[in-house]
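Q: Return atomic coordinates for the entry below.
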Amino acid sequence: MLDYSKSYIEVQFPVSKLSKESYKERKAGSDQTLTCLGKWWGRKPLVLVRATIFGCLLPISDDPKKDREIFQELMGMNLHQLRNRKNKTVPSKLGIEFDDLSYDEKLTYCLRQEQAGDKLIDWDKVNAHLETTASSTSELVAQLSQKRFGRLVSVGDAFSGGGSIPFEAASTGFYKCV
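A: The predicted model follows:
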């Protein structure tokens, strides 16, 4: 049973994995998505903004493990998606398979989450758990907004920094950013 009185971010949040994904994005230097808009030292990593948006919208259920699995599915952080994000081969001299690497080590062989997009999401699994019918992140955002707030919510960027919050909000499906 889904509980919309609390959100996923209030109950659990995979800080360690998000920290590693954010670090990978920050190390990308000039290859970061928003550097073309100008250099801003306080710019938030897109993966962290996306995680915050989903964390605020996702309801909790009586199965925290499944909630975490769905969150990681939406964020491209599960093993299946990491395999699909892989863009380099693990050197055979290491004598270890990709699946046996730690999360940090796997990321060294993977595209950043923002580069992979949401094409790898198993929408049947997400919809079954969230009781939605989405086939894209924008549809999911609209449906979860409606279920939780009765309307499509707005995302605000109170600090008006480097543009990562409105950029990621728009790419996730929010059409109104304040």
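Q: residue contacts, the spatially most central residue of the chain?
A: Residue closest to the mean C-alpha point of the chain, counted by Cα atoms, centre = their mean, is Met75 at 3.1 Å. Taking Cβ atoms under 8 Å, 6 or more residues apart in numbering, we find Met75 in contact with 18, 21, 47, 50-51, 54, 113. Heads up, the C-betas are built off the backbone N, CA and C, glycines and all.
Q: do that again at 7 Å, thanks
A: With contacts defined as Cβ atoms under 7 Å, 6 or more residues apart in numbering, Met75 is in contact with 50-51, 54, 113.
Q: I'd like to know which of these is nearest to Arg148.
A: Nearest to Arg148 among the contacts of Met75 is Phe54, at 12.3 Å by Cβ to Cβ.
Q: that older thread, could you measure from the residue nearest to the centre of the chain over to Glu139?
A: Counting by Cβ to Cβ, to the nearest Å, the gap between Met75 and Glu139 amounts to 17 Å.
Q: In PyMOL, select just the buried ones from the contacts of Met75.
A: Entered in PyMOL, the line below selects the buried ones among those, by 16 or more other Cβ atoms under 10 Å:
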select buried, resi 50+51+54+113
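Q: any idea how far Phe71 is from Thr172?
A: 14 Å.
Q: May I ask you to name the longest strand in the chain?
A: In the chain, taking DSSP state E as the definition, the longest strand is strand 3-7.
Q: just checking, next helix/strand downstream of that one?
A: Using DSSP states H and E, the next helix or strand after strand 3-7 towards the C-terminus is helix 8-11.
Q: what's in contact with that following helix?
A: For helix 8-11, contacts defined as Cβ under 7 Å, 6+ apart pick out 52, 55-56, 58, 60, 67, 71.
Q: Mark which of the residues you listed are buried, thanks.
A: Members of those that pass the buried threshold by neighbour count (16+ other Cβ under 10 Å) are listed as 52, 55, 58, 60, 67, 71.
Q: Which ones among those lie within strands?
A: Among the buried ones among the contacts of helix 8-11, the residues falling in strands (DSSP E) are Ile60.
Q: just for the protein, where's the confidence low?
A: Where the chain drops to pLDDT under 70, the residues are 26, 28-44, 117-118, 159-171, 173-178.
Q: what distance separates stretch 15-26 from the centre of its chain?
A: Its chain's average C-alpha position is 11 Å from that of stretch 15-26, according to Cα atoms, centre = their mean, to the nearest Å.
Q: Please spell out which residues along it are buried.
A: 17-18, 20-22, 24-25.
Q: how about these in a markdown table, adding secondary structure and distance to Asp104?
A: Compiled in a markdown table, the buried residues of stretch 15-26 are given as follows (DSSP: H, G, I helix; E, B strand; the rest coil; distance: Cβ to Cβ, whole Å):
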| residue | secondary structure | distance to Asp104 |
| --- | --- | --- |
| Lys17 | helix | 9 |
| Leu18 | helix | 13 |
| Lys20 | helix | 5 |
| Glu21 | helix | 10 |
| Ser22 | helix | 12 |
| Lys24 | helix | 9 |
| Glu25 | helix | 14 |
